[in-house]
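Trainee: Okay, here's the prediction I keep looking at, along with the sequence it came from:
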Amino acid sequence: MPSISTFLRGALAAAALVLTPNAASAETFAAGDIVVEAPWTRATPGGARVAGGYMRISNNGAEPDRLLGGTTTVAPRFEVHSMEMVDGVARMAEVAGGLVIPPGETVELAPGGYHIMMMGLTAPVTEASEVAGTLVFERAGEIAVTYAVAPIGSREAPGGGHDHHHGHGQGHGHGHNH
Ligand SMILES: [Cu+2]
């Protein structure tokens, strides 16, 4: 008959196996009612001064919040931008007053639309770069995030999408609320 400690070791090993896929992807960051999923940026060509950043931001609270700004390890300036086509030309502009995240909704920052802009890059971003920083929200406060880095010119997050199910059991260890 196995001792209780053998049993516990087995249970802990099983728990570790279940948690490993989450820990390895490490792509959800949260504070208060705000959840930030899958932040990513892309490698920049030599001489580039700016890099965009993308993510999904969900507000699980009952009040609107706003993304006001932030910091990154790769550039001294951080702005929240919109992008729209004006007479066939893509125009970026800083979002005045911060990007509103309505209660119960998810706002997608993606190429061609809202994004964060890291301005005045101190070195090129490469796929080996560690890009980290903070996002500052009006209500939720500061959230520390790390960005996955996609290849130069990439239009989507590294890994090509966001629904990875490798056959691990449903309902274990995931923090998703939608
Ligand atoms: Cu921009």
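Mentor: That came through fine. Numbers count the residues shown, from 1 in each chain.

Trainee: Could you tell me which residues of this structure lie near the ion?
Mentor: Applying the criterion Cβ under 5 Å from the ion, the portion of the chain that neighbours the ion consists of 81, 92, 117. Where you see a C-beta, it was placed from the backbone N, CA and C, and this is true even at glycine.

Trainee: how many neighbours does the first one have?
Mentor: The reference is to His81. 20 (other Cβ atoms under 10 Å).

Trainee: ok, now which ones touch it?
Mentor: His81 sits next to 52, 92-95, 114-117 when contact means Cβ atoms under 8 Å, 6 or more residues apart in numbering.

Trainee: Going along the chain, name the helices of this protein.
Mentor: With helices called from DSSP state H, the chain shows them at 4-25.

Trainee: Find me whatever residue is spatially closest to the residue positioned nearest the centre of it, sequence neighbours aside.
Mentor: Centrality entry for the chain: nearest residue to the mean C-alpha point is Pro39, 2.1 Å, by Cα atoms, centre = their mean. Using Cβ to Cβ, 6 or more residues apart in numbering and skipping the chain neighbours, the partner closest in space to Pro39 is Met55 (4.0 Å).

Trainee: Same check on Ala128?
Mentor: Val149 (7.8 Å).

Trainee: hey, what's that neighbour bridged with?
Mentor: On the basis of DSSP bridges, Val149 is bridged to Thr41.

Trainee: wait, isn't it in contact with Met118?
Mentor: No. Counting by Cβ atoms under 8 Å, Val149 does not reach Met118; the two are 11.9 Å apart.

Trainee: Tell me which of these two has more neighbours.
Mentor: Neighbours were tallied for Val149 and for Met118 using other Cβ under 10 Å; the higher tally belongs to Met118 (28 against 21).

Trainee: The more buried one: what's it in contact with?
Mentor: Residues in contact with Met118 (Cβ under 8 Å, 6+ apart) are 41, 50-53, 72, 74-75, 77-78.
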